[in-house]
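*Asks:* Can you look at this prediction? I've put the sequence above it.
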Number of protein chains: 2
Amino acid sequence: MTEVAAARRSRITPEREAELYTAVLDLLREVGYDALTMDAVAARTRSSKATLYRQWGGKPELVAKAIRHNKPGNISDIDTGSLRGDLHALTSREDDCTMQQNAALMRGLFMAVHANPDLLQAFKELLVEPEMEEFHRVVQRAVDRGEVRADSPALGYVMHMLIGAFATRTLIDDQPPTQQFLISYIDAVVLPALGVPTE
Amino acid sequence: MTEVAAARRSRITPEREAELYTAVLDLLREVGYDALTMDAVAARTRSSKATLYRQWGGKPELVAKAIRHNKPGNISDIDTGSLRGDLHALTSREDDCTMQQNAALMRGLFMAVHANPDLLQAFKELLVEPEMEEFHRVVQRAVDRGEVRADSPALGYVMHMLIGAFATRTLIDDQPPTQQFLISYIDAVVLPALGVPTE
């Protein structure tokens, strides 16, 4: 975040910010991205549209920030001492019910992204890139510990593996992604691809 | 295909069938699934709606069949003698331009699937399951040759790996999937996960 953005952000309390994000996600689930208006967010949260625009810049940024805020815990707080431990811990940040709600939400937004280049841009900057950076730190620690070779060609594909499994589960297996599925996939695919023994 | 379905299918020539599928895909690209009507297909192909319904049952089945027909070559024709050779050969069934057009088409349909349970059903039966079966044969041959251990836990995830990489490429890397990307992913992720050496 730039200092200017941080200064702007500081005008509302963290509690108020959380309340706003919750309202945005509720509205997203109810009407979807395209039908979501800043007017509706303003009305639901009893704030002025001017405040919303001043704080977030626009609908794409507000939505991306709301999604990111909704992610439980911070990846960088996880440090179990092994890559397997860290990746397993990552899957248990959300219980299965929350994971399925979020999968539905993300599916809706994944559609909207392709029709809204500004949403794609906000998603990349405010959601995908920060998450990738945190993932990168988890994996880099494994490299530093000597668990993963620094020249492992799979290092560039950790996100493709994980997000890909999450995204394709329903289509391929007719069931939503669960913690158990992700843990099994991490042990069967992600760790072996990175050359990390799973037992 | 059941014998009844095969008998119904035989009423039109393969050339005519190909012509119809091409028209369906053109219309899909032009207007998307939701706006695609059987009337428009009938008009574009100078056929009667009754014929279309008799031959395919409905719009979801017609669309799924058109997509499947459009896939170049048959996976089961590929048999290079090694899993690596087979998987690489699979990626070169489509050139990059076709692959990107198809990625855009599939993205649109992936959205439509979630709002249309009958399309999801047709997709599974007529597209996903037959493709998975053919993939399964490619992988089973590798098991039979002793290239992949029969109890490799990654065996159940080959489709998640491949479709997942294809689906997440644009979001994560801001570039469309290409043959080069898929080949690199196969060597870095899919083969190591299956315990197959890549050199």
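*Replies:* Cool, the structure landed. Numbering: from 1, shown residues only, chains lettered A, B, ... in the order given.
*Asks:* which parts of chain A sit against chain B?
*Replies:* A:107, A:110-111, A:113-114, A:123-124, A:128, A:132, A:152-154, A:156-157, A:159-161, A:163-165, A:167-169, A:171-172, A:174, A:184-185, A:187-190, A:192-193, A:195 (CB under 8 Å from any CB of the partner chain). Heads up, the C-betas are built off the backbone N, CA and C, glycines and all.
*Asks:* Surely A:Trp56 is in contact with A:His69?
*Replies:* No: with contact defined as CB atoms under 8 Å, A:Trp56 does not reach A:His69; the gap is 11.5 Å.
*Asks:* from chain A, which residue is nearest to chain B?
*Replies:* Relative to chain B, the nearest point of chain A is A:Gly164 (1.8 Å; CB to the nearest CB).
*Asks:* quick one: what helix or strand has A:Leu162 in it?
*Replies:* Per DSSP states H and E: A:Leu162 is located in helix A:158-173.
*Asks:* and after that helix, which helix or strand comes next?
*Replies:* Counting by DSSP H and E, what follows helix A:158-173 is helix A:179-185.
*Asks:* Residues in contact with that following helix: which ones?
*Replies:* With CB atoms under 8 Å, 6 or more residues apart in numbering or on different chains as the test, helix A:179-185 has contacts from A:88, A:91-92, A:94-96, A:99, A:161-162, A:165-166, A:169, A:175, B:153, B:157, B:160.
*Asks:* pLDDT (mean, whole number) over it?
*Replies:* Average pLDDT, helix A:179-185: 96.
*Asks:* List the buried residues in it.
*Replies:* Buried residues in helix A:179-185, counted by 16 or more other CB atoms under 10 Å in any protein chain shown: A:Phe181, A:Leu182, A:Ile183, A:Tyr185.
*Asks:* Mark out where each domain of chain A begins and ends.
*Replies:* A:3-68, A:72-193 (automatic domain parsing).
*Asks:* what's the lengthiest helix in chain A packed up against?
*Replies:* Longest helix of chain A, by residue count under DSSP state H: helix A:96-115. Contact partners of helix A:96-115 among helices and strands, from 3 or more CB pairs under 8 Å, 6 or more residues apart in numbering or on different chains; DSSP states H and E: helix A:14-31, helix A:59-70, helix A:117-123, helix A:158-173, helix B:96-115.
*Asks:* Please work out the average pLDDT along the first one.
*Replies:* In other words, helix A:14-31. The model assigns helix A:14-31 a mean pLDDT of 91.
*Asks:* which of the residues in it are buried?
*Replies:* A:Glu17, A:Glu19, A:Leu20, A:Tyr21, A:Ala23, A:Val24, A:Leu25, A:Leu27, A:Leu28.
*Asks:* List the contacts of that helix.
*Replies:* Residues contacting helix A:14-31 (CB under 8 Å, 6+ apart): A:9, A:12, A:36, A:40-41, A:44-45, A:47, A:52, A:62-63, A:65-67, A:69-70, A:101, A:104-105, A:108-109.
*Asks:* Report the buried members of those residues.
*Replies:* Buried among the contacts of helix A:14-31 (16+ other CB under 10 Å): A:36, A:41, A:44-45, A:47, A:52, A:62-63, A:65-67, A:69-70, A:105, A:108-109.
*Asks:* Check those residues and tell me the two furthest apart.
*Replies:* A:Ser47 and A:Gly108 (23.9 Å; CB to CB).
*Asks:* Count the residues that sit near the nearest residue to A:Phe166 once chain neighbours are set aside.
*Replies:* Closest residue to A:Phe166 apart from its sequence neighbours, by CB to CB, 6 or more residues apart in numbering or on different chains: A:Pro177 at 5.0 Å. Residues lying near A:Pro177 (other CB atoms under 10 Å in any protein chain shown) number 21.
*Asks:* how close does A:Pro177 sit to B:Met161?
*Replies:* 15 Å (CB to CB, to the nearest Å).
*Asks:* same question, A:Glu125
*Replies:* Taking CB to CB, one finds A:Glu125 at 28 Å from B:Met161.
*Asks:* Leaving out sequence neighbours, find the closest residue to A:Asp174.
*Replies:* B:Lys124 (7.3 Å).
*Asks:* Likewise for A:Arg84?
*Replies:* A:Arg84 sits nearest to A:Leu191 (CB to CB, 6+ apart), 6.0 Å away.
*Asks:* Mind telling me what element the one you found is part of?
*Replies:* Here A:Leu191 is assigned to helix A:191-193, by DSSP H and E.
*Asks:* Against which helices or strands is that helix packed?
*Replies:* Applying 3+ CB pairs under 8 Å, 6+ apart, we find helix A:191-193 packed against helix A:83-91, helix B:191-193.
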